[in-house]
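**Q** Mind folding the following:
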Amino acid sequence: MTTEQPVISKGLEGVTAAATQIAEVDGQNGKLTLRGYDVGELSGKVSFEEVAYLLWNGALPTRAEYDSLHTEMSAARALPLPVMAALEVLAAHAEGMHILRMGAAMLSIADPDIDSLDLAGAKRRAARLQAQMSAIVAHTWRIKNNLPIVPPQPEHGIAEGFLYMLEGQVPDKARVDGLNAYMVAVSEHGLNVSTFCARVAISTDSDMVSALTAAVGALKGPKHGGVPGPVLDMLREIGTPDQTDTYIRAEMAAGRRIMGFGHRIYKVRDPRAALLSAAAEKMATLTGDYDLLNLTKSVEKTTVDVLSELKPGRELYANVELYAALILHAVGVPSEIFTPVFAIGRTAGWTAHMIEQLDGNRIIRPESVYIGPRDLKWVAMDARA
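**A** Residues are numbered from 1 along each chain as shown. Now for the predicted structure:
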């Protein structure tokens with residue numbers, strides 16, 4: 001008698017694990033919808049704080065709601081003294097996503113209600129964590145580079161405040177707008193790996209800081225969030241548009257992945273790539289620096305053509321990482337913290353999913369099928385081969 005084995009979906013591909021009102025990722029048509037808004041409808045019109053509020057609450061904020069959120073985030077941005085003391089020590093021994101993971105795990109400090117699952121409290125905690133993530137990234141980068149900490153200023157929003165804490169001077173509007181556009185574009189993207197980890201962690205009735213730390217750990221993997229830096233390296237190695245075809249063909253022949261192209265969900269161009277390309281165009285218009293933008297656009301066109309020729313039917317197009325590298329470089333973000341800056345933006349989506357999971361929570365516990373040996377017998381240690 002044989003027992004029929006269940007179908008295994010490696011990587012949970014094709015498995016629907018949640019019903020959500022937060023975002024819709026339409027891979028066939030290349031659309032990303034946030035709480036009913038096409039992301040293109042929001043890009044260039046709203047601040048990152050407005051999008052974060054939208055993800056947490058289901059509607060864009062009124063002026064009074066926005067002002068209240070700004071005040072709340074400004075007050076929360078200064079990290080507790082024990083956290084700062086620990087980061088001063090740890091930053092000498094770790095960097096990038098390693099130090100961000102450590103820093104995120106400490107954000108339960110000075111939160112007397114950290115284990116509360118109250119939804120109203122969860123929304124307030126989401127605002128606090130959002131503000132503090134930007135401070136962790138900026139402060140640890142300065143500590144790592146032997147620079148003094150720059151305290152946050154209450155009048156700054158998330159994008160402006162991050163650049164100010166990173167550099168110690170008020171950034172110009174073009175750079176603030178560029179970073180704001182980037183964070184809006186990456187704020188939320190459905191049930192991706194790191195978001196799924198956050199929902200799994202919070203589904204146990206754990207706390208939001210533990211779930212945030214789980215998400216950061218998942219984002220660190222280069223198959224998920226660690227690509228913008230290598231994309232910039234690739235663009236620098238290509239150097240000029242006329243070298244693109246030769247470079248891409250050589251990489252393909254060597255069996256290496258082309259950074260910034262292809263996506264598990266999108267079968268057309270990633271809509272976020274379009275948003276960031278437009279934001280980069282706007283920045284170039286203001287700064288007069290078109291060199292990297294023109295190179296990136298040329299690389300995109302040539303690469304899509306070569307991939308179509310060498311891998312027909314694979315539907316490989318530019319993803320968000322191609323233009324993320326471009327705009328983060330244009331904004332002046334050091335390449336070694338590209339992924340931590342992505343985490344700042346994605347914290348809005350992570351915490352939104354935690355809040356949604358807590359509303360009518362049920363623990364996420366998939367099953368597995370055993371395929372190992374059976375009926376083995378114990379043998380004394382000295383008799384084992």
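**Q** List the buried residues in whichever helix in the chain runs longest.
**A** Secondary structure of the chain per DSSP state H: the longest helix is helix 119-144. For helix 119-144, the neighbour count (16 or more other CB atoms under 10 Å) marks 122-123, 125-144 as buried. Backbone N, C-alpha and C define where each C-beta goes, glycine included.
**Q** which stretches of the stretch 1-150 of the chain aren't confidently modelled?
**A** Residues of the stretch 1-150 of the chain that meet the criterion pLDDT under 70 lie in 1-3.
**Q** Could I get the full set of helices for it?
**A** All helices of the stretch 1-150 of the chain, identified by DSSP state H, counting those that start in this stretch, fall at 39-42, 48-57, 63-76, 81-90, 96-105, 119-144.
**Q** Could you provide these in JSON lines, with additional columns for distance to residue 229?
**A** Shown next, in JSON lines, are the helices of the stretch 1-150 of the chain (distance: least, CB to CB, whole Å):
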{"stretch": "helix 39-42", "distance to residue 229": "24"}
{"stretch": "helix 48-57", "distance to residue 229": "22"}
{"stretch": "helix 63-76", "distance to residue 229": "28"}
{"stretch": "helix 81-90", "distance to residue 229": "21"}
{"stretch": "helix 96-105", "distance to residue 229": "9"}
{"stretch": "helix 119-144", "distance to residue 229": "14"}
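**Q** These: which one's closest to residue 314?
**A** helix 39-42 (25.0 Å; CB to CB).
**Q** Could you report the distance from residue 360 to residue 210?
**A** For residue 360, the distance to residue 210 (CB to CB, to the nearest Å) stands at 20 Å.
**Q** Which one's more surrounded, those two?
**A** residue 210 (18 against 6; other CB atoms under 10 Å).
**Q** Next secondary structure after the helix or strand where the more buried one lies?
**A** Element membership of residue 210, judged by DSSP states H and E, is helix 208-219. Following helix 208-219 in sequence order, the next helix or strand is helix 228-238 (DSSP H and E).
**Q** Mind giving me the packing neighbours of that next one?
**A** With contacts taken as 3 or more CB pairs under 8 Å, 6 or more residues apart in numbering; DSSP states H and E, helix 228-238 sits against helix 244-253, helix 291-310, helix 320-331, helix 338-358.
**Q** Check the offset of the second one from the chain's centre.
**A** Mean-position distance between helix 291-310 and its chain equals 24 Å (CA atoms, centre = their mean, to the nearest Å).
**Q** helices and strands around it, which ones?
**A** Judged by 3+ CB pairs under 8 Å, 6+ apart, the packing partners of helix 291-310 are helix 228-238, helix 244-253, helix 271-287, helix 320-331.
**Q** how about 6 Å then?
**A** Judged by 3 or more CB pairs under 6 Å, 6 or more residues apart in numbering; DSSP states H and E, helix 291-310 is in contact with helix 244-253.
**Q** can you pull the buried residues of the helix it packs on?
**A** Neighbour counts over helix 244-253 (16+ other CB under 10 Å) mark 244, 247-248, 251-252 as buried.
**Q** With stretch 140-160 instead?
**A** The neighbour-count check on stretch 140-160 (16+ other CB under 10 Å) flags 140-144, 149-150, 152, 156-160 as buried.
**Q** Now do the end-to-end distance for it.
**A** When the termini of stretch 140-160 are compared using CA to CA, to the nearest Å, they are 17 Å apart.
**Q** For it, report the contacting residues that lie outside it.
**A** Applying CB atoms under 6 Å, 6 or more residues apart in numbering, the contact partners of stretch 140-160 are 48-49, 74, 77, 87-88, 91, 95, 99, 134, 139, 161, 164-165, 168, 176, 179-180, 337.
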